[in-house]
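Structure for the following, please:
(2 chains)
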Amino acid sequence: MTTAVPAPVTDCDLLAANPPDPDRIVAGVPRAAVDLPRAIAACRAAVAQYPDEGRLAYQLGRCLFYAGDTPAALDSFRRAAALGYRQAHFILGLIALRRYPGVPFDPAAIEQHWRAAARADHLNAQVSYAREWLKGAFADLAQRAPADEVKNFLERARPRVDYLGGLLVDDLLAALAAASARRET
Amino acid sequence: MKHILWGVTALALWAAPAGAADDITECDRLAAHPSDPDKRVPGVSQEAMNKAAAQAACEAAVAKDPNNRRLRYQLGRAYFYDGKFDKGIPHVEFAANAGSSQAQFVLGYIIDGGQGGVKKDPCKVEDLWVKSARQGRFAAQVSYPHHAMRGLFKGCKLQASTAEMGAFLDAAKKQGEDYYQRLLVSILQEEFAAYQARK
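As a prediction, this is how the structure comes out:
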């Protein structure tokens, strides 16, 4: 979270919180159910009122992204990330990975944002960072996490996933062990 | 419990099918699994379940409708979450034999992990999961090819062909509910392409 005391529940939360966001403060609204004009207006007002609250900046970015205004969405996500909002870091990495129109594939951005989110215990970022690390996406980056840190991400993720998540994390841990063994021989 | 009892397939002939016009019970409200295709209400998570109340409600519901596979599974679920495997397994086993895809997956999961002292038996897991996957249960559609590709059903007759396993993953891809489920399926599909090439 970005402030010692999070901003109270606003209309922006009620209209635009994302259900998988670990730091949302209400149940959230799935994408298909977001009323974009109302949510964007509510989130703009909330961000103006609470400019240091990363949660609200992230939720504004979410709505702008769904509305197709990618540059404004990225600005809002970056603002949230700068305020330390881990879901914004995760989304910025995901956007850099998925080659959305106007957004170049950028391994350095993926690495930077997912590592920041993973260090903040964002589950999807911990798993995703390990996945891309093992695929070699960060191999050319001097600042990439060492294998021990990637292992630590997965070990912290493991107790928080269900059976299927366990299959995924265990497979990644096994692949990481195999990669480490190959490097040592 | 060291062994699972088998051979009650005949129960399936007179067990209540999914979607039977039976009433919603307190057992449903307290113990339905959110991912069970047979569920009649949204369901409750493991963390949210009042286990003692669920066990009592489901015992009462099963006493009234003993051949209802949905209620039998839910009673088993309420016992499992309370660590009462010996009490829970016969009910999940009944539901699995009666065709519940949820119970088939869960029973396979229990046997696969040897939970509650149950004897591990990969061939029983294979049989349960292929049945569950063929009925469209996401977890089985993912777990079956996952285990098959890793040789965890070694020595068992693989009932699903390579093509059918590919179809399981294709179907699972359309069902994945959250980010990591979709990530898991996409990783397995990449592995499957290599597995298929080796076949």
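
got the contact list for residue B:104?
With contact set as Cβ atoms under 8 Å, 6 or more residues apart in numbering or on different chains, residue B:104 has these partners: B:96, B:128, B:129, B:131, B:132, B:135, B:137, B:140. In short, each C-beta sits where N, CA and C put it, glycine included.

Pick out the residue of chain A closest to chain B.
residue A:168 (4.4 Å; Cβ to the nearest Cβ).

Spatially nearest residue to that residue (excluding sequence neighbours)?
Nearest residue to residue A:168, sequence neighbours excluded (Cβ to Cβ, 6 or more residues apart in numbering or on different chains): residue B:184, at 4.4 Å.

Show the pLDDT at that neighbour.
pLDDT recorded at residue B:184 is 94.

returning to what we had before: which one of the contacts of residue B:104 sits closest to residue A:70?
Of all the contacts of residue B:104, residue B:137 has the smallest distance to residue A:70: 37.3 Å, by Cβ to Cβ.

and that closest one, how many residues sit next to it?
For residue B:137, the neighbour count with other Cβ atoms under 10 Å in any protein chain shown is 28.

next one: residue A:71
Burial of residue A:71 is recorded as 10 neighbouring residues (other Cβ under 10 Å).

now residue A:49
Neighbourhood size, residue A:49 [other Cβ under 10 Å]: 12.

That one and residue A:12: what is the separation?
9 Å (Cβ to Cβ, to the nearest Å).

for chain B, what helix or strand is lowest in average pLDDT?
Every helix and strand of chain B was ranked by mean pLDDT, DSSP states H and E. The lowest is helix B:179-198, at a mean of 92.

Now do that one: which elements does it pack against?
Under the contact definition 3 or more Cβ pairs under 8 Å, 6 or more residues apart in numbering or on different chains; DSSP states H and E, helix B:179-198 sits against helix A:123-135, helix A:163-184, helix B:138-149, helix B:162-175.

tilt between it and helix A:123-135?
30 degrees (axes from the mean of the first three to the mean of the last three Cα atoms, to 10 degrees).

Off-centre distance for helix B:179-198?
Between the centre of helix B:179-198 and the centre of its chain there are 22 Å (Cα atoms, centre = their mean, to the nearest Å).

What residues does residue B:135 make contact with?
Neighbouring residues of residue B:135 by Cβ under 8 Å, 6+ apart: B:37, B:99, B:101, B:104.

quick revisit: I'd say the residue nearest to residue A:168 and residue A:164 touch.
Yes: using Cβ atoms under 8 Å, residue B:184 is in contact with residue A:164, at 6.0 Å.

Now do the shared contacts for these two.
Going by Cβ under 8 Å, 6+ apart, residues that sit against residue B:184 and also against residue A:164 are residue B:142.

Those two - which one has more neighbours?
Taking other Cβ under 10 Å, residue B:184 and residue A:164 do not tie; residue B:184 has more neighbours (23 against 20).

Tell me if stretch A:131-149 is near chain B.
Yes: Stretch A:131-149 lies within reach of chain B by Cβ under 8 Å from any Cβ of the partner chain, at residue A:131.

Now the phi/psi pair for residue A:11, please.
phi -60, psi -30 (degrees, to the nearest 10).

and what of residue A:103?
Dihedral angles (degrees, to the nearest 10) for residue A:103: phi -120, psi 110.

Can you tell me the closest non-neighbouring residue to it?
Among residues not flanking residue A:103 along the chain, residue A:95 sits closest, at 5.5 Å (Cβ to Cβ, 6+ apart).

got the residues of chain B near chain A?
Proximity of chain B to chain A is confined to B:109, B:139, B:142, B:143, B:146, B:178, B:179, B:180, B:181, B:183, B:184, B:187 under the rule Cβ under 8 Å from any Cβ.

Apply 7 Å and report the result again.
B:109, B:139, B:142, B:146, B:178, B:179, B:180, B:181, B:183, B:184 (Cβ under 7 Å from any Cβ of the partner chain).

Buried residues, the helix or strand harbouring residue B:105. List them.
Element membership of residue B:105, judged by DSSP states H and E, is helix B:101-113. Within helix B:101-113, the residues that count as buried by 16 or more other Cβ atoms under 10 Å in any protein chain shown are B:101, B:102, B:103, B:104, B:105, B:106, B:107, B:108, B:109, B:110, B:111, B:112.

With stretch A:63-83 instead?
By 16+ other Cβ under 10 Å, the buried positions in stretch A:63-83 come out as A:63-66, A:70, A:72-74, A:76-81, A:83.

Among those, which lie within helices?
A:63-66, A:70, A:72-74, A:76-81 (DSSP state H).
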